[in-house]
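Colleague: Any chance you could fold what I've pasted below:
(2 chains)
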Amino acid sequence: EAAVTQSPRNKVTVTGGNVTLSCRQTNSHNYMYWYRQDTGHGLRLIHYSYGAGNLQIGDVPDGYKATRTTQEDFFLLLELASPSQTSLYFCASSESERLFFGHGTKLSVL
Amino acid sequence: GDSVTQTEGQVALSEEDFLTIHCNYSASGYPALFWYVQYPGEGPQFLFRASRDKEKGSSRGFEATYDKGTTSFHLRKASVQESDSAVYYCALGDRSNTNKVVFGTGTRLQVLP
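Modeller: Model prediction:
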């Protein structure tokens, strides 16, 4: 079974703070994704990547950067966090359009 | 851009009721269509997919048929159980855009014993 691990599981920061969410997959999948999940909006795609060094822009990219350092690791960066970025963040990996999700990171921006 | 619409935000049923959750999509060509299920405290899990017109996907008693004419992929189950209580997401894969996968807003299913 595919394994996607996110860290941290919970994070609290203040407005203007700097946050990095981490994701590691151990399945050698080419594609990795970052989504945010909010009530009434479902899952919205922030950024995705199809390999180390590659980055594709999703549907809600404003205020987020991402970097894929290796096949396994995909990071989401919030350089000036705002309360509107309080959300549950999911990372996923995929090889043939079937996504395998991590357990999520709950981020609170005060 | 491509999009998925789920009209029901919440559905409440009794055990053994018939379930329908509606999903309509907007996309060019033949996107792959998916259903995912999310249990509390977990990430979404793949349920099944379909990739061409009239193809039926199914898993765990759930099924949906790809209908290009009505641009729909409605989820159905003949007899729900309390353990089916979860959030269900319809999604589409844009094969022309490096595997971009777009989700609907989700439908919360509550099955009462």
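
Colleague: Who are the contact partners of the residue lying closest to B:Ala27 once chain neighbours are set aside?
Modeller: Leaving out its chain neighbours, the residue that sits closest to B:Ala27 by C-beta to C-beta, 6 or more residues apart in numbering or on different chains is B:Asp2, at 4.1 Å. No exception for glycine: its C-beta is placed from N, CA and C like everyone else's. By C-beta atoms under 8 Å, 6 or more residues apart in numbering or on different chains, the contact set of B:Asp2 is B:25-28, B:31, B:92, B:94, B:100, B:102.

Colleague: Now for the closest residue in space to A:Cys23 that isn't next to it in sequence, how many residues are close by?
Modeller: Distances taken as C-beta to C-beta, 6+ apart place A:Cys91 nearest to A:Cys23, at 3.4 Å, with adjacent residues excluded. Using other C-beta atoms under 10 Å in any protein chain shown, A:Cys91 has 28 neighbouring residues.

Colleague: same question, A:Glu95
Modeller: So A:Glu95, with other C-beta under 10 Å, has 14 neighbours.

Colleague: for the host helix or strand of A:Leu76, packing partners?
Modeller: For A:Leu76, the host element (DSSP states H and E) is strand A:73-78. Under the contact criterion of 3 or more C-beta pairs under 8 Å, 6 or more residues apart in numbering or on different chains; DSSP states H and E, strand A:73-78 touches strand A:19-25, strand A:31-38, strand A:42-49, strand A:65-68, strand A:87-94.

Colleague: what separates B:Gly29 from B:Lys68, distance-wise?
Modeller: Distance of B:Gly29 to B:Lys68, computed by C-beta to C-beta, to the nearest Å: 10 Å.

Colleague: do A:Tyr33 as well
Modeller: Distance from A:Tyr33 to B:Lys68, by C-beta to C-beta: 26 Å.

Colleague: which of these two has more neighbours?
Modeller: Applying other C-beta under 10 Å to A:Tyr33 and B:Lys68 shows that A:Tyr33 carries more neighbours, namely 26 against 14.

Colleague: Dig out what the more buried one forms beta bridges with.
Modeller: A:Tyr48, A:Ala92 (DSSP bridges).

Colleague: Quick one: residues contacting it.
Modeller: A:45, A:47-49, A:58, A:91-94, A:99, B:101.

Colleague: A:His103 falls within a helix, correct?
Modeller: No. Looking at A:His103 with DSSP: H, G, I helix; E, B strand; the rest coil, it is coil, so not inside a helix.

Colleague: if I read this right, it contacts B:Gly41, doesn't it?
Modeller: Yes. Taking contacts as C-beta atoms under 8 Å, A:His103 lies within contact range of B:Gly41: 7.5 Å.

Colleague: So for those two, which residue has more residues nearby?
Modeller: Per other C-beta under 10 Å, whichever of A:His103 and B:Gly41 has more neighbours is A:His103, with 13 against 7.

Colleague: Next, the residue lying closest to that one once chain neighbours are set aside: secondary structure please.
Modeller: Counting by C-beta to C-beta, 6+ apart, A:His103 lies nearest to B:Gly43, which is 5.6 Å off, once chain neighbours are set aside. Classification of B:Gly43 by three-state DSSP places it in coil.

Colleague: pLDDT wise, what is B:Trp78 at?
Modeller: That one is not Trp; residue B:78 is Ala. Looking at B:Ala78, its pLDDT stands at 97.

Colleague: For it, give me its contacts.
Modeller: By C-beta under 8 Å, 6+ apart, B:Ala78 lies in contact with B:18, B:61.
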